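J.: Would you be able to build a 3D model of this:
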Amino acid sequence: MIDGKKRPNGWSWWYLLFVAQYAVTLWPPLYNRADPYLFGIPFFYWSQLAFVFAGATLTAIVYFMTEE
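T.: Numbering: from 1, shown residues only. Down below sits the predicted model:
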């Protein structure tokens, strides 16, 4: 106990956002193609970059929603 408050058990439903994030990136048939192009860059490459930004955003959301 800290200041008379119970510590949380470490689990939150917000962590399921990480499962969604990894499920998409670990299933290459979803993004393993060249079309559509964005500024001449094939879909495979710019989708990977989009996954990086989406992952950072989801991580920030989980962090701020689970911080005490």
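J.: Pull the distance from stretch 40-60 to the chain's centre.
T.: 10 Å (C-alpha atoms, centre = their mean, to the nearest Å).
J.: which residues sit against that stretch?
T.: Residues from elsewhere that reach stretch 40-60 (C-beta atoms under 8 Å, 6 or more residues apart in numbering): 17-18, 20-21, 24-25, 31-39. C-beta here means a position set from N, CA and C on the backbone, and glycine is covered the same way.
J.: Buried ones among the residues you listed?
T.: 17, 21, 25, 31 (16 or more other C-beta atoms under 10 Å).
J.: Let me have those residues in CSV, adding distance to residue 54 as columns.
T.: Listed next are those as CSV, based on distance: C-beta to C-beta, whole Å:
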residue, distance to residue 54
17, 10
21, 7
25, 9
31, 12
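J.: Can you give me the pLDDT of the most centrally placed residue in the chain?
T.: For the chain, the residue nearest the mean C-alpha position is residue 55 (3.3 Å; C-alpha atoms, centre = their mean). At residue 55 the predicted local distance difference test score is 93.
J.: Could you check the helix or strand that it is a member of and say which residues are buried?
T.: Applying DSSP states H and E as the criterion places residue 55 in helix 43-66. For helix 43-66, the neighbour count (16+ other C-beta under 10 Å) marks 43, 46-47, 55, 62 as buried.
J.: contacting residues around residue 65?
T.: Per C-beta under 8 Å, 6+ apart, neighbours of residue 65: 12, 14.
J.: Swap in 7 Å and give it another go.
T.: By C-beta atoms under 7 Å, 6 or more residues apart in numbering, the contact set of residue 65 is residue 14.
J.: How about residues contacting the least confident helix or strand in the chain by mean pLDDT?
T.: For the chain, counting by mean pLDDT, DSSP states H and E, helix 16-25 ranks last in confidence among helices and strands (a mean of 88). Under the contact criterion C-beta under 7 Å, 6+ apart, helix 16-25 has outside partners 30, 51, 54-55, 58, 61-62.
J.: 8 Å - rerun?
T.: Contacts for helix 16-25 (C-beta under 8 Å, 6+ apart): 30, 51, 54-55, 58-59, 61-62.
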